[in-house]
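[1] sequence and computational prediction follow.
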Amino acid sequence: MRNWENWARAAGIRALKTAAQTAAATIGTTAALSSVDWKMVLSTAALAGIISMLTSVAGIPEE
C-alpha cells in the first residue's frame, strides 16, 4: 500500500527544489540585479514547481 503522505512530502520537496533552481537560472540571465523582472522570475518558478508536481503524479504506477 502506498504511503500518500510520504509521497506528497517528497513530491513537494522536489517541486520546491525545481522552482528554486528555475528562479536562480532566471535571475542569472540578467546582467544586473536591479534589472531583474521579479514578476517573471516568480511566475516562471511557480510554473516549474507545478510542472514538477504534475510529473510526480504522472510517475505514480497504477495499483
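    That came in fine, so what should we check first?

[2] quick one: low-confidence ranges for this structure?
    For the chain, residues meeting the criterion pLDDT under 70 lie at 1-2, 31-33, 61-63.

[3] spatially central, which residue of it would that be?
    The residue lying closest to the centre of the chain (Cα atoms, centre = their mean) is Gly49, at 2.3 Å.

[4] for that residue, give me its contacts.
    Shown in contact with Gly49 (Cβ atoms under 8 Å, 6 or more residues apart in numbering): Ala15, Leu16, Thr18, Ala19, Thr22. C-beta coordinates here come from the backbone N, C-alpha and C atoms, glycine included.

[5] helix or strand for the second one, which one?
    By that I understand Leu16. Using DSSP states H and E, Leu16 sits in helix 4-28.

[6] in that helix, what counts as buried?
    Across helix 4-28, burial judged by 16 or more other Cβ atoms under 10 Å covers Ala11, Ala15, Thr18, Ala19, Thr22, Ala23, Thr26.

[7] now the element after that helix, going C-ward?
    For helix 4-28, the following helix or strand on the C-terminal side (DSSP H and E) is helix 38-58.

[8] sorry, back to before: let's have the contacts of Gly49 in JSON lines, adding distance to Thr55.
    JSON lines is the format used below for these (distance: Cβ to Cβ, whole Å):
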{"residue": "Ala15", "distance to Thr55": "9"}
{"residue": "Leu16", "distance to Thr55": "14"}
{"residue": "Thr18", "distance to Thr55": "9"}
{"residue": "Ala19", "distance to Thr55": "13"}
{"residue": "Thr22", "distance to Thr55": "13"}
